[in-house]
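> Fold the following and give me the result.
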Amino acid sequence: MYCMRLTIPIILVTLMLGCGGSEGPSPGSEEYTSVVSAFYAGVSAMEVGEDLRANAKLTLVTELAPREPAAWSNLALMAMRRNELDVATGHLARALQLDSTNSEILLLAAAHARMMDDDSAQVRYLRRAVSVDSLNVRALFELIELLPEGSDESSSLMNQLVTAAPGNTSVLLKRLQQSASLGTLDLELLDELSSYAWGEGVNEQIDLLRNSAQEEDTAIQMAILRNILLSEPQYRQDLAEVRVSIERVGDPVTRFIRLLNPSSSPAPRDDSLQIVVDQQMVTSDSSQEWISAIALGNAALPAIFYAGIDSVRTLREEAWEAPRVSGHDAGVGVDYNFDFRTDLVLAGAGGLRLLRQDSLEQLTDVTSELNLSTALTGAAYTGVWAADIDLEGDIDLVLNDSESGLLTLRNNGDGTFERAQWFSVDSGIHAFAWADLDQDGDPDAALMDSEGGLRVLANERQGRFISMPNPIEGFTLLDVTVSDSNSDGRIEILALTDTGQILRVTLGNEPAVDVLFEAALHAAGAQLLTGDLDNNGGTDIVVSTMGQSQILLQDHDYAFYSYGATVDLETYALSATRFAGQLDIVGLSADRRPMRYGILTSKGYHWKQIQPRAAQAVGDQRINSFGIGGEVEIRAGLLYQKQSITQPIVHFGLGEQSLADVARITWPNGSVQAEFDLLSDEIVSATQRLKGSCPWLFTWNGEEVTFVTDFIWRSPLGLRINAQETAGVMTTEDWVKIKGDQLQPRDGYYDVRITAELWETHFFDHVSLMVVDHPAGTEIFVDERFAFPPPELKIHLTSELMPIMGAWNDRGEDILEIVLVQDERYADFFGRGDYQGITRDHYLEVEINEETPQDAWLVARGWIRPTDSSINVAISQGAHSPPSGLRLEAQLRDGSWKVVHANLGFPSGKSKTVLIDLAPVARSSGAQRLRLHTNMEIYWDALYTAAKLDDSALQVTHMLPESANLRYRGFSVVNEEDRSSPELPAYDTLSGTAQIWRDLVGYHTRFGDVLPLLEQVDDRYVIMNAGDEMLLQFTEMNPAATDQERDFVLIGDGWVKDGDYNTTFSKTLRPLPSHADPTYDEIPGRLKDDPVYQRYSSDWLDYHTRYVAPESHAKGFAFPNERENP
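Reported below is the predicted structural model:
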C-alpha cells in the first residue's frame, strides 16, 4: 500500500495537466535562440555542479517552450539527484504527459520509482521503455537485473541486449553471472572474456574462476573478478554504456524532443574568405629570423615582436639586444615573476636572454639577475618553450642546447632560475608541446627529437615523468603540436610527417592514429599551427615552410580541405593582432621581412575570446598568471570545443551560434571553474577557494543541521613539506569539541554527519562520541592545534572564560573590539604574502586580566588559511620564508620579551580553539602582556584566559554509534563573508550533485551500512569520496543534572589524502594507509599485494566495491549519447 501511495502522484499530476499550446518558438527567432541558450546552459550547469543556475535556466526553458519535454525531464533528474522526490514527481509527470513514449523519460521514471521503493512501477516503466526503444541498453540491463534469472522474459531480453550492445564486456560478465547462478558456469563465455587485452591480474582471476570447484567458491571468485574488472578502463566504459552510476541517478536529456535541435558540428567552412596583405605592416626590415605575436597581459591586442641577428623589435621601432635567434621556437612570452605582465624570453646561437616587461613601452634585460651561470646564459640554443613542469604555480623554461640537447630551468619564484633534470631525453628536441594527453588531469610533454621521432612523457607528478609507447614509431616527423581537432574532449597530438601526412595521435587507454590530410607541405623545417581562421567552430591547420604556408580549413564534417593557393609567407603565429575576434597570419616573407595577412570573411561567423587569469598577484600564487597549461572548454548549444591554454588569450570560433553558453576552465593546479553568460573577450579570473581542507562535521542543533568544524585535520597523507620531503603522520586520532547547543537529540538519537566535499579521499577507521557533563559555571575544551609533537588528547576543565584587557597588532593599533568576544569578526592586519597561507612575520599582543591565576590557559579561537603541497614545494625553491607556527612571548618586568613557547603549531582548520599553557609565564603583580608571533595566515576571532580546574569533576560517557550509513549527497553551498573569514558550508543548500573534482582513483566504500568498519581502530575503514556523506546516530542520554552542563567531544581516527598534484601518490587513493606505517612512502603496486588488503581482503567484496575514476569529469561538456566524433 505504501509503494502504491508513493507512485500515485505522477499519475494524478499527469491527468491534471492540460494539453494545448504551441510546440514552441520557431528556429531563427530571438525566442528560439533564448531557449537554446538557456537549455544548454542549464544542462551544462547540471554537469558541473551548479544546480541553482541549472534550475533557473531550465525553468526559463519551460516558460518559453512549455511543451518541450526535455527541460521538464532534466528538472526532474536534478531534483532526484538532490533527493527532492516530491519536486521530481511534478516535473516528471509533466514530461510524461508531453511525451509518454520517449525511452529516456521512461527510464528516468523507472529510476524515480526505484528511489520511491516501488519495484512494480520500476518494472512497468522499464518494460515500456524497452517496448518503444529496443536499443535502450540501460533499460534492458536494469530490467534484466530485476527479473527472475532464467525466466523466458529475462532470456529474451538478454538476447536483445547482446544484439544492442555487441562486444560489451559488462554484458558478457552479466551473462557469466547468470550462468553461474543457474548452476553451470558457461566456459565459452569465460573464454570470450579472457580474449580481451586486460591488465595485470584479470586473466589470473579468470583462471581461478574457471577452476572453482564449488558453487559458493564460484560466487566468491565471480565477485572478485567483477571488482578487478572495475579497475579496467574498457570494462568501466562498457559498464557506463549499460548502467548509470548511483551518484548520477541518470543522464540529462541533451537534445530537444519536440523543438528543432541546433547543430552539434561546426558551421560549413568559409571557402570565400580572403587572405590579404596588411599594408600598414609593410616594412623594409629584411633578413629577420623570428617573429611572433605576444599578448602582453593587459587589455591591448597582442603585440608583434620580430628579431634579426642582433636585435628584437616591435612595430613601433622599439629595439633590444637579441642573442642571434633563428627559427619558430626562438622566443616565447612568459610571465616569469607573477606580475601579470608578459615578459619575453629569447634563445639563440648567442645565448639566453630574458627581457622583463616594465611597461608597454619598456623591456629590461634581466638575464644577469637570474642567478644562472654564464655557461647557461651563453650557450647556443635552437629553441625555448614555457611550462609549469613541477606544477607548483610558476612557469619554468625548456630549452634545446645545440650541443648537449634538452635542458630545463626551474623557476624559483623569486626572480631566479635553477637548472633541473625533469626529462630523461638523450637527444636534442625540435618541438615541444605541453598538454594533458592521457586524460589523467596533469599536463604531459610531447617532444619531437632531433631524429624526427615522437617522444611522449607522461606526467607522474612531483616532477617525475615516464615514457609512453609511441603509436607512430617508424614515422619521421617534421613537427608536432596539440589540439582537440574532432571536438571529442580529448587533446591529441598532431604530427606532420616527411611525406606530407598530417596524423592525429590519440593517447590514453585506447591509443589511435588517424590520417587527417595526405598532401601537406613537407619541406624541411615545416611547422604546424592551429586556430579557427574562419570562426566556423572548427580547428583549422596552417602548414608553414620557408616562404609559404598552406591553409587547411576544417568543415562541418570535421574533414580538412585545402584553401586555394598557398600564402606567400612563412607563418609563425596565428593571433588577433588587429582587432579581437579575427585571427591574423603573422610571419616572414621569402626575403625574411615581417608580414601580417588579414583574413576577410563573408559569412560573419561569431567568436569568443577568453582571457584566463589567476586570482590576484598576492595572497595565492597557486596558479601561474595566465593559466598556462590549463584547459578551456566551451559549449554553444550543442557545439563543443576544447583547447589547451598556451597563451593569455584563447580564441574560439562559434560558427552560427551567436554566443557561448558556458565555459569550463581547468586551471593548471587541477581546480575547475565554470563561467556562464560570458561576454566576448572577457577576462576570467580563478576563484580562490580551498581545494583541500579535510572532512566537514555537521550536527543537528534542535532546529537545523549546522556546520561545526573540520575533522581529522591532523593526519594528511602524502603532504609535501618541500620539494624533497613528505610529512609523516604523527597521529591519526582527532578530538573536536561540539558545544551543547550544537548537538540536540532528535527522535532518541544524536544526529552527527560527516561530509567529503573537497578534492580529497577520507579514510575513517573509527568514530565515537563522548558526552561530557561538567559543573555549571565551568567550561570544557580540547586543544585543537596542529603541532609537532601533537597536543595531548584530553578534555580540559576550566573556569568560565575571562576576557582579555587589551589587544594590539604589531603596528600598535588597538584591535580589542575585534577579538574581545567570539562573533565571527576576525583580526586581519598582516596583509597577504606571495603565497596562500604565508604572510609577513607579525604578532598579536594581548594584555591578560590581572586576576588570571598562574595555572591558566590562554584560550584562542580562530582559523587558518593553510598552504598545500604545491605551495610548500614552491616556497622551498629560491629565497622564501617557510611557514612558521605560533610562538608565545611574554613581557618581562624590564619591558623586554622572552620566548615562552617556541613552536606551538597552529589551529587545525576552521572554527578551532587552541589552548596555550600560561603556567611557564613568569608573572608579576598587575596585568601581563603576551605576544603571539607567526608568519602564517591565522585569523583570530576571540582570545580569553581561563583557570585550569581539576578534571575529576567531569562525567564522561563514551559512546559508539548506534548506526552508520554512507550515502551520496553532493556539495554544499559555501559562503565566505569576506577575505578575513573562513569558507563555511550551508548544509541545507546544495550547490550541485555532479562530480566537480578529478577524484582520486580507486575502490571506495559502497553506500549503505558501514557500522562494522568504525567500531575499533584496526585499519578497517570507510573510504569516502567527494560528495559522500556519513550519517551517524548515537543513542540519546538522559538529560544532564540541574547543576551540570553538557557538551560533547567527537573522536575520529583516520586519514585524509588530497588530489594536489604535488601530494605524494595523489592520482590514486592507494597505497592504503596503515597505523603500522606512518611514512606513506611505499610506491603503490598491485592491490592484492597491499598489506591492508591482504589482512582484510573480504572488505573488498563486502564494502569497497565502488570504483571511482575520473572519466565523467574528463568528458567535460562532451555530453553522453552525442554523435560519434570522426
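
> CA atoms for contacts and neighbours, from now on please.
Fine.

> helix or strand right after the longest helix that the chain contains?
Determined from DSSP state H, the single longest helix within the chain is helix 30-47. Next in sequence after helix 30-47, counting helices and strands by DSSP states H and E, comes helix 51-64.

> packing partners for that following helix?
Secondary-structure packing of helix 51-64 (3 or more CA pairs under 8 Å, 6 or more residues apart in numbering; DSSP states H and E): helix 30-47, helix 69-81, strand 984-992.

> These: which one's closest to Ile871?
strand 984-992 (22.7 Å; CA to CA).

> on that earlier part again, can I get the helices and strands packed on helix 51-64 in JSON lines with mean pLDDT?
Output for the helices and strands packed on helix 51-64, formatted as JSON lines (pLDDT from 0 to 100):
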{"stretch": "helix 30-47", "mean pLDDT": "94"}
{"stretch": "helix 69-81", "mean pLDDT": "98"}
{"stretch": "strand 984-992", "mean pLDDT": "95"}
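
> quick one, which of the ones you listed is packed in tightest?
Greatest average neighbour count among the helices and strands packed on helix 51-64 goes to helix 69-81 (a mean of 27), per mean count of other CA atoms under 10 Å.

> Between helix 51-64 and it, find me the angle.
Orientation check (axes from the mean of the first three to the mean of the last three CA atoms, to 10 degrees): helix 69-81 against helix 51-64 gives 150 degrees.

> Put the alpha carbons of helix 69-81 into PDB.
Taking C-alpha atoms only, helix 69-81 is exported to PDB below (Å, rounded to 0.1, in the frame of the first residue of the first chain):
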ATOM      1  CA  PRO A  69       9.600  17.600 -22.500                       C
ATOM      2  CA  ALA A  70      13.400  17.600 -22.300                       C
ATOM      3  CA  ALA A  71      13.500  20.600 -19.900                       C
ATOM      4  CA  TRP A  72      10.900  19.000 -17.600                       C
ATOM      5  CA  SER A  73      12.800  15.700 -17.600                       C
ATOM      6  CA  ASN A  74      16.000  17.400 -16.700                       C
ATOM      7  CA  LEU A  75      14.400  19.400 -13.900                       C
ATOM      8  CA  ALA A  76      13.100  16.100 -12.600                       C
ATOM      9  CA  LEU A  77      16.500  14.500 -12.800                       C
ATOM     10  CA  MET A  78      18.100  17.400 -10.900                       C
ATOM     11  CA  ALA A  79      15.500  17.100  -8.200                       C
ATOM     12  CA  MET A  80      16.100  13.400  -7.900                       C
ATOM     13  CA  ARG A  81      19.800  13.900  -7.600                       C
END
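
> so what does it touch, helix or strand wise?
Counting by 3+ CA pairs under 8 Å, 6+ apart, helix 69-81 packs on helix 30-47, helix 51-64, helix 85-98, helix 103-115.

> Figure out which of the ones you listed is closest to Arg578.
That would be helix 30-47 among those, by CA to CA, at 29.7 Å.

> follow-up on the earlier one: tell me the angle the longest helix of the chain makes with helix 51-64.
Using the same axes, to 10 degrees: helix 30-47 against helix 51-64 is 150 degrees.

> Packing partners of helix 30-47?
helix 51-64, helix 69-81, strand 631-636.

> is it possible to export these to JSON lines including distance to Gln214?
Shown next, in JSON lines, are the helices and strands packed on helix 30-47 (distance: least, CA to CA, whole Å):
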{"stretch": "helix 51-64", "distance to Gln214": "50"}
{"stretch": "helix 69-81", "distance to Gln214": "41"}
{"stretch": "strand 631-636", "distance to Gln214": "52"}
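
> closest to Ala349 out of the helices and strands packed on helix 51-64?
Across the helices and strands packed on helix 51-64, closest to Ala349 is helix 30-47 (CA to CA), at 49.6 Å.

> How about residues contacting the closest one?
Helix 30-47 is contacted by residues 24-27, 51, 53-58, 60-61, 64-65, 71, 74, 78, 252, 254, 262, 635-638, 661-662, 676, 992-995, 1116-1117 when judged by CA atoms under 8 Å, 6 or more residues apart in numbering.

> try stretch 191-201
Against stretch 191-201 from outside (CA under 8 Å, 6+ apart): Thr169, Leu172, Leu173, Asn203, Ile206, Ile228, Glu232.

> Which of the residues you listed fall in strands?
Of the contacts of stretch 191-201, none are assigned to strands by DSSP state E.

> Which of those residues are buried? Put it as a ChimeraX command.
Selection of the buried residues among the contacts of stretch 191-201 in ChimeraX, burial being defined by 16 or more other CA atoms under 10 Å:
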select :169,172,173,203,206,228,232
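
> Just give the number of residues close to Ser212.
For Ser212, the tally of surrounding residues (other CA atoms under 10 Å) stands at 17.

> I'd guessed it sits against Ile220; true?
No - the pair Ser212 / Ile220 is not scored as a contact, 9.2 Å apart, by CA atoms under 8 Å.

> Now do stretch 267-284: distance to the chain's middle.
40 Å (CA atoms, centre = their mean, to the nearest Å).

> Show the average pLDDT along that stretch.
Mean pLDDT, stretch 267-284: 87.

> likewise stretch 1040-1056?
Averaging the model's pLDDT scores along stretch 1040-1056 yields 98.

> about what we covered before: what's the closest of the helices and strands packed on helix 51-64 to Arg324?
Taking the helices and strands packed on helix 51-64 one by one with CA to CA, helix 30-47 is closest: 49.4 Å.
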